[in-house]
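Below are the sequence and a predicted model; questions follow.
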Amino acid sequence: MENRERFKVICSECGHTFYACKSIAQEIGILDAGHGSCPKCRTFLNLTFDENSNEMKAMEWSKYLKSINRNK
Ligand SMILES: [Zn+2]
């Protein structure tokens, strides 16, 4: 487990950079199934894995929920 690859995340709220592993769901291809809290500002973030840049895209959780509802 300690060898799991970690991916760069830039906090959407404060711009802090940290690293997160993919969630189990992200490993099997559900790319927006990650979440975590920014270690600096403590904002709860949705993490969407971007296959093109090999990074996690962070979005504040309530904004993420709005973005899914908009797509329905
Ligand atoms: Zn932050």
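Yep, that arrived.

pLDDT score for L47?
Model confidence at L47, expressed as pLDDT, equals 98.

how close does the nearest residue to it once chain neighbours are set aside sit to the ion?
Of all residues not flanking L47 in the chain, G34 sits nearest, at 3.3 Å (C-beta to C-beta, 6 or more residues apart in numbering). Any C-beta I mention is one placed from the backbone N, CA and C, and that applies to glycine too. G34 sits 15 Å away from the ion, going by C-beta to the ion, to the nearest Å.

Could you verify my assumption that G34 touches E55?
No - here G34 lies out of contact with E55, judged by C-beta atoms under 8 Å, at a distance of 11.5 Å.

Phi, psi for the residue nearest to L47 please.
phi -100, psi 160 (degrees, to the nearest 10).

mind listing what it touches?
By C-beta atoms under 8 Å, 6 or more residues apart in numbering, G34 lies in contact with 20, 22-23, 25-26, 46-49, 56.

Now list the buried members of those.
20, 22, 26, 46-49, 56 (16 or more other C-beta atoms under 10 Å).

Name the nearest of those relative to I68.
Nearest to I68 out of these is N46 (C-beta to C-beta; 9.1 Å).

got the CA coordinates for whichever helix in the chain runs longest in PDB?
If each helix of the chain is counted by residues according to DSSP state H, the longest one is helix 61-71. Provided in PDB are the C-alpha atoms of helix 61-71 (Å, rounded to 0.1, in the frame of the first residue of the first chain):
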ATOM      1  CA  TRP A  61     -17.600  19.900  -2.500                       C
ATOM      2  CA  SER A  62     -20.800  22.000  -2.800                       C
ATOM      3  CA  LYS A  63     -19.600  23.400  -6.100                       C
ATOM      4  CA  TYR A  64     -19.000  19.800  -7.300                       C
ATOM      5  CA  LEU A  65     -22.500  18.800  -6.300                       C
ATOM      6  CA  LYS A  66     -23.900  21.800  -8.300                       C
ATOM      7  CA  SER A  67     -21.700  20.900 -11.300                       C
ATOM      8  CA  ILE A  68     -23.200  17.300 -11.400                       C
ATOM      9  CA  ASN A  69     -26.800  18.600 -11.000                       C
ATOM     10  CA  ARG A  70     -26.200  20.900 -13.900                       C
ATOM     11  CA  ASN A  71     -25.300  18.000 -16.200                       C
END
